[in-house]
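*Asks:* sequence-free structure coming up:
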């Protein structure tokens with residue numbers, strides 16, 4: 001590489017040497033991270049399910065709880081690797097473009113190549129993040145019958161320790177038939193729910209359930225069935241409910257959502273614990289979408305898995321019941337459904353206006369030139385540019401308003417950072433044109449080769465900023 005620097009004017013050689021040193025350093029860091037983390041990345045793919053490998057214990061992940069626990073660690077290593085590679089590409093791009101521009105060579109092929117490199121790296125980040133599901137909601141995840149038996153034993157021990165009545169366990173099952181997101185906070189669901197009771201116990205406890213998170217719900221008893229000796233009764237209901245939850249749209253349109261339904265027993269004041277009716281699911285496995293209608297239609301989303309879990313909730317009131325049991329760390333049953341947004345259609349529909357603005361903005365920069373030349377073809381005054389920029393800003397603002405109106409949320413969405421990058425470029429192009437056309441300034445970096453530097457670095461800068469935003473938001 002060093003022989004290329006000799007082609008530069010002397011005053012630019014130090015800059016090129018410095019950029020070359022930074023390139024070598026970033027490549028060394030990338031190589032170190034690659035050596036340390038790439039073997040684990042290979043294990044991920046060899047495990048057959050991307051992300052389903054415990055890199056600490058060097059074994060395949062066979063249950064959903066282990067997947068959730070290891071998901072962040074694996075994602076972290078992949079992002080370190082891609083981030084280091086991105087930094088190497090950035091410094092190498094700075095070096096090459098600096099050399100080509102100030103040596104008077106054609107820098108457009110390298111500009112295009114580096115822009116594509118950042119687009120590919122950004123696409124990899126978005127692609128990898130769709131593999132990883134996170135769940136900070138559940139304190140206990142029921143993966144199999146062994147987990148359930150352990151949970152029951154622990155609750156009995158806790159009741160003895162706290163001098164509470166012996167817990168009464170009610171097997172409960174759920175079969176989800178439809179899900180529809182009606183707003184950013186509401187979800188309409190229809191499902192069947194059933195409970196098993198020993199007939200001899202029905203005189204002591206009520207039969208039924210409550211949905212404390214539901215904004216509204218309707219229930220209709222569907223059946224009552226008895227086992228062969230009539231000692232166990234199963235009662236089932238058809239339910240339609242509007243569940244109100246806070247969904248996290250920060251990574252929109254690459255977001256995952258955990259739709260959960262919390263269940264209380266009708267006698268919620270007693271030491272009465274709902275447990276998953278696992279015998280009703282012959283092939284209970286969170287990876288196999290248990291308790292879900294096989295042909296369920298969820299427009300715009302893909303279902304990744306479902307499982308039962310518990311959250312140990314605390315309350316600051318006894319609801320007016322003197323002997324209320326569930327004040328502290330009382331386990332409440334949740335049925336969870338992980339869904340992931342179908343990002344392709346949403347992504348391109350939301351970004352189409354932005355892409356058009358970027359193209360028009362680049363054309364505006366590309367045709368800018370010294371108006372004092374005799375070969376003028378495009379002649380724009382500062383006011384003409386201000387009018388063009390103002391129109392483009394208006395288009396971007398309308399697109400962002402339309403996006404926010406469809407997703408009522410108090411957080412900044414990932415895709416909105418694309419709009420912020422465009423705002424920055426619109427401002428930068430306006431300032432560049434004013435300085436370029438102002439006589440007597442003699443700004444070398446702007447006037448050099450008829451505004452060549454802003455033109456050739458437009459797309460590399462745009463794609464690099466989007467890459468930085470992506471790795472910060474997704475990490």
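*Replies:* Perfect, I can see it now. Remember, it's a predicted structure, so these values are computed and weren't measured experimentally.

*Asks:* which non-adjacent residue is nearest residue 117?
*Replies:* Closest residue to residue 117 apart from its sequence neighbours, by Cβ to Cβ, 6 or more residues apart in numbering: residue 89 at 5.1 Å. The C-beta positions use only the backbone N, C-alpha and C, and glycine is treated the same way.

*Asks:* Please work out how many residues are found near the one you found.
*Replies:* 23 (other Cβ atoms under 10 Å).

*Asks:* mind checking which helix or strand it is in?
*Replies:* Using DSSP states H and E, residue 89 falls within helix 64-102.

*Asks:* which is the next helix or strand following that helix?
*Replies:* With DSSP H and E, the next secondary element past helix 64-102 is helix 108-129.

*Asks:* where's the residue nearest to residue 117 relative to residue 21, distance?
*Replies:* For residue 89, the distance to residue 21 equals 16 Å [Cβ to Cβ, to the nearest Å].

*Asks:* go on, residue 187?
*Replies:* Relative to residue 21, and taking Cβ to Cβ, residue 187 is found at 54 Å.

*Asks:* And those two? Which one has more around it.
*Replies:* residue 187 (22 against 12).

*Asks:* Is the more buried one in a helix, a strand, or coil?
*Replies:* Three-state assignment for residue 187 (DSSP: H, G, I helix; E, B strand; the rest coil): strand.

*Asks:* hang on, it packs against residue 179?
*Replies:* Yes: using Cβ atoms under 8 Å as the test, residue 187 is close enough to residue 179 to be in contact (6.4 Å).

*Asks:* Need the overlap of contacts for those two.
*Replies:* residue 259 (Cβ atoms under 8 Å, 6 or more residues apart in numbering).

*Asks:* low pLDDT regions in the stretch 201-350 of the chain?
*Replies:* 287, 318, 322-327 (pLDDT under 70).

*Asks:* what are the ranges of the strands in it?
*Replies:* Here the stretch 201-350 of the chain has its strands, by DSSP state E, counting those that start in this stretch, at 209-210, 214-226, 232-244, 256-265, 272-276, 301-313, 330-341.

*Asks:* between the ones you listed, which gets nearest to residue 25?
*Replies:* Nearest to residue 25, of all these, is strand 256-265, at 36.0 Å by Cβ to Cβ.

*Asks:* what angle separates that closest one from strand 272-276?
*Replies:* Angle of strand 256-265 versus strand 272-276, following axes from the mean of the first three to the mean of the last three Cα atoms, to 10 degrees, is 140 degrees.

*Asks:* partners of strand 256-265, with directions?
*Replies:* Partners of strand 256-265 in the sheet, by DSSP bridges, are strand 209-210 (antiparallel), strand 330-341 (antiparallel).

*Asks:* can I get those in a markdown table with distance to residue 144 and mean neighbour count?
*Replies:* Formatted as a markdown table, those follow (distance: least, Cβ to Cβ, whole Å; neighbours: other Cβ atoms under 10 Å):
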| stretch | distance to residue 144 | mean neighbour count |
| --- | --- | --- |
| strand 209-210 | 24 | 18 |
| strand 330-341 | 16 | 21 |
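
*Asks:* Bridged to the closest residue in space to residue 169 that isn't next to it in sequence, which residues?
*Replies:* Nearest non-adjacent residue to residue 169, counting by Cβ to Cβ, 6+ apart: residue 275, 5.0 Å away. Following DSSP bridges, residue 275 is listed with bridge partners residue 171.

*Asks:* From residue 290, how far off is residue 275?
*Replies:* Distance of residue 275 to residue 290, given as Cβ to Cβ: 15 Å.

*Asks:* Which one of those two is surrounded by more residues?
*Replies:* The neighbour count for residue 275 versus residue 290, taken as other Cβ under 10 Å, is higher for residue 290 (23 against 20).

*Asks:* Show the contacting residues for that one.
*Replies:* Neighbouring residues of residue 290 by Cβ under 8 Å, 6+ apart: 281, 283-284, 306-307.

*Asks:* Let's see that with 6 Å instead.
*Replies:* Applying Cβ atoms under 6 Å, 6 or more residues apart in numbering to residue 290 gives the contacts 281, 284, 306.

*Asks:* how far away is it from residue 282?
*Replies:* Taking Cβ to Cβ, one finds residue 290 at 10 Å from residue 282.

*Asks:* What of residue 275?
*Replies:* Residue 275 is 17 Å from residue 282, by Cβ to Cβ.

*Asks:* Which strands or helices does the helix or strand harbouring residue 435 pack on?
*Replies:* Using DSSP H and E, residue 435 sits within helix 416-437. Packing partners of helix 416-437 (3 or more Cβ pairs under 6 Å, 6 or more residues apart in numbering; DSSP states H and E): helix 343-366, helix 382-406.

*Asks:* Flag every buried residue along it.
*Replies:* Residues of helix 416-437 classed as buried: 416-419, 421-422, 425-426, 429-430, 432-433, 436-437 (neighbour count, 16 or more other Cβ atoms under 10 Å).

*Asks:* try stretch 22-29
*Replies:* Per 16+ other Cβ under 10 Å, stretch 22-29 contains these buried residues: 22-23, 26-27, 29.

*Asks:* Let me know the closest of these to residue 229.
*Replies:* The nearest member of those to residue 229, counting by Cβ to Cβ, is residue 29 at 70.2 Å.

*Asks:* What does the pLDDT read for that closest one?
*Replies:* pLDDT, residue 29: 83.

*Asks:* Looks like it contacts residue 84 (just checking).
*Replies:* Yes: contact status for residue 29 versus residue 84: in contact at 5.5 Å, counting by Cβ atoms under 6 Å.

*Asks:* returning to that earlier point: thought the residue nearest to residue 169 was touching residue 167?
*Replies:* No: here residue 275 lies out of contact with residue 167, judged by Cβ under 6 Å, at a distance of 9.7 Å.

*Asks:* quick one: the closest residue to residue 351 other than its chain neighbours and residue 169, what's the gap?
*Replies:* Once flanking residues are discounted, residue 351 sits nearest to residue 418: 6.6 Å by Cβ to Cβ, 6+ apart. Look at residue 418 and residue 169: by Cβ to Cβ, they are 51 Å apart.
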